[in-house]
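K.L.:
coordinates only, no sequence provided:
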């Protein structure tokens, strides 16, 4: 076994990850929220996908997955064709970002506080 | 896009995972804590590994990783040789279980409360 050395300076960090599921499967996580935020920023699924080095198809499938797992619409495409027209978030899409980031902020406070207290 | 259907009955579940790191890398997570609890239960790394369908080598490496990332000893082996003798937890090992499960319990309360509130 490793020899016991001075451990008073070890910095312990509680880490974690959160996501939201429905009984149908994954709904929201860091990647999906980033995608929604990029659609909001660029007004386009194509540009959002590009910004994340993701294919259009991948981005589209993530959005479809959110829609189908919640029976809500997160993103609407505008006239101009699938690739040509723009896209924007619905109220649900905007709320999803807001609520996920809100939970994430609270979670980060929680792990920061636990990290501070953690000692072995 | 998916057609909007009734979504009032969708059950949203906030989920998550936590672990503890040091600057050297992963220290404690669900698997490592389960391993420590099994060493405590069976008094043997071999039996603990078997209970988790893990090789002795894997279990040993996880324990070594905990020791080296924290400069603390979590498990001590007793006379009788690496495989023959028993093993037990040190104070540090016991404290690691206690503290990790304590944080996990609080985390589970947090996600249960957030799940209850979550709506889109």
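P.N.:
Cool, got the structure. Values in this document were obtained by computation on a predicted structure and should not be read as measured data.
K.L.:
which helix is the longest one in chain A?
P.N.:
If you go by DSSP state H, chain A has its longest helix at helix A:91-117.
K.L.:
distance between that one and the chain's centre?
P.N.:
Offset of helix A:91-117 from its chain centre (Cα atoms, centre = their mean, to the nearest Å): 11 Å.
K.L.:
same thing with stretch A:76-96?
P.N.:
Here stretch A:76-96 is found 18 Å from its chain centre; the criterion is Cα atoms, centre = their mean.
K.L.:
what residue ranges in chain A score low on pLDDT?
P.N.:
Along chain A, segments meeting pLDDT under 70 span A:1-8, A:80-84.
K.L.:
on that earlier part again, now look at the longest helix of chain A and say if it contacts chain B.
P.N.:
Yes: against chain B, helix A:91-117 shows contacts by Cβ under 8 Å from any Cβ of the partner chain at A:92, A:95, A:96, A:99, A:103, A:106, A:107, A:110, A:111, A:114. Just so you know, the C-beta spots here come from the backbone N, C-alpha and C atoms, and that holds for glycine as well.
K.L.:
closest to residue B:34 out of those residues?
P.N.:
Nearest to residue B:34 out of the residues of helix A:91-117 next to chain B is residue A:114 (Cβ to Cβ; 19.8 Å).
K.L.:
next up, the contacts around the spatially closest residue to the closest one that is not a sequence neighbour.
P.N.:
Once flanking residues are discounted, residue A:114 sits nearest to residue A:14: 4.4 Å by Cβ to Cβ, 6 or more residues apart in numbering or on different chains. Residues near residue A:14 by Cβ atoms under 8 Å, 6 or more residues apart in numbering or on different chains: A:111, A:114, A:115, A:118, B:18, B:19, B:20, B:103.
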